[in-house]
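# no sequence on hand, only this structure:
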């Protein structure tokens, strides 16, 4: 009886066991979001039309992402506490989210497109895209360009809303 060396088999098994598994995310990455501004805009419009606050929050930066990943790289970080900045974002975000859900209530809203036409701010591992908007058709009649969010963070292939902004 011939024995097969166990070390080579163990190595092959270890390599194959890892196939198909997603890698662990580091603490300095964004989770969730969307793969593009277009996809992010589409998902935001769908969530607003459905009144789905959970989906809207999943498309927005989390407290950890804001305070640990993004905030330390912003110039304002030298002068302000990230927890205070996050509280301000949360307060403004909650009001804006409710306004937008109310504006979409009882309407048929079709997503047309999303874009960010403003400056792109570079912060090393991520960028802030400014001047973002979505264009929708409401009740099958009129096309509107709206700004439920005005800035998007892009880190690698992940795009997330920084915060929702009040209805103009």
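Arrived safely. On a predicted model such as this, the values are computed, not experimentally measured, just so you know.
# CA atoms for contacts and neighbours, from now on please.
Fine.
# how close does residue 109 get to residue 48?
Counting by CA to CA, to the nearest Å, the gap from residue 109 to residue 48 is 9 Å.
# more neighbours: the two, which one.
Set side by side, residue 109 and residue 48 show more neighbours around residue 48, with 23 against 19, by other CA atoms under 10 Å.
# which of the helices or strands spans residue 145?
strand 142-146 (DSSP states H and E).
# which other residues reach that strand?
Around strand 142-146, the neighbours that count as contacts under CA atoms under 8 Å, 6 or more residues apart in numbering are 133-138.
# try 6 Å
Surrounding strand 142-146, the residues in contact under the criterion CA atoms under 6 Å, 6 or more residues apart in numbering are 133-137.
# and stretch 75-83, by the same measure?
Stretch 75-83 is contacted by residues residue 67 when judged by CA under 6 Å, 6+ apart.
# ok, 7 Å please
By CA atoms under 7 Å, 6 or more residues apart in numbering, the surrounding residues in contact with stretch 75-83 are 67, 71.
# one more: stretch 109-118?
Residues beyond stretch 109-118 that count as contacts (CA under 7 Å, 6+ apart) turn out to be 37-38, 41-42, 45, 49, 129-139.
# which among the residues you listed end up buried?
Neighbour counting over these (16 or more other CA atoms under 10 Å) leaves 37-38, 41-42, 45, 49, 129-130, 132-137 as the buried ones.
# out of the residues you listed, which sit inside strands?
Residues of those located in strands (DSSP state E): 129-130, 132-137.
# out of those residues, which one sits closest to residue 121?
Within these, the smallest distance to residue 121 is 6.6 Å, found for residue 129 (CA to CA).
# partner strands of the strand holding residue 145, with direction?
Strand 142-146 sits in its sheet next to strand 132-138 (antiparallel), going by DSSP bridges.
# other residues contacting the strand it pairs with?
Applying CA under 7 Å, 6+ apart, the set of residues contacting strand 132-138 from outside is 41, 107-117, 143-147, 149-151.
# ok, back up a step: can I get the ones in strands among the buried ones among the contacts of stretch 109-118 in CSV with distance to residue 73 and pLDDT?
Compiled in CSV, those are given as follows (distance: CA to CA, whole Å; pLDDT from 0 to 100):
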residue, distance to residue 73, pLDDT
129, 15, 98
130, 17, 97
132, 21, 98
133, 25, 97
134, 28, 98
135, 31, 97
136, 34, 97
137, 38, 96
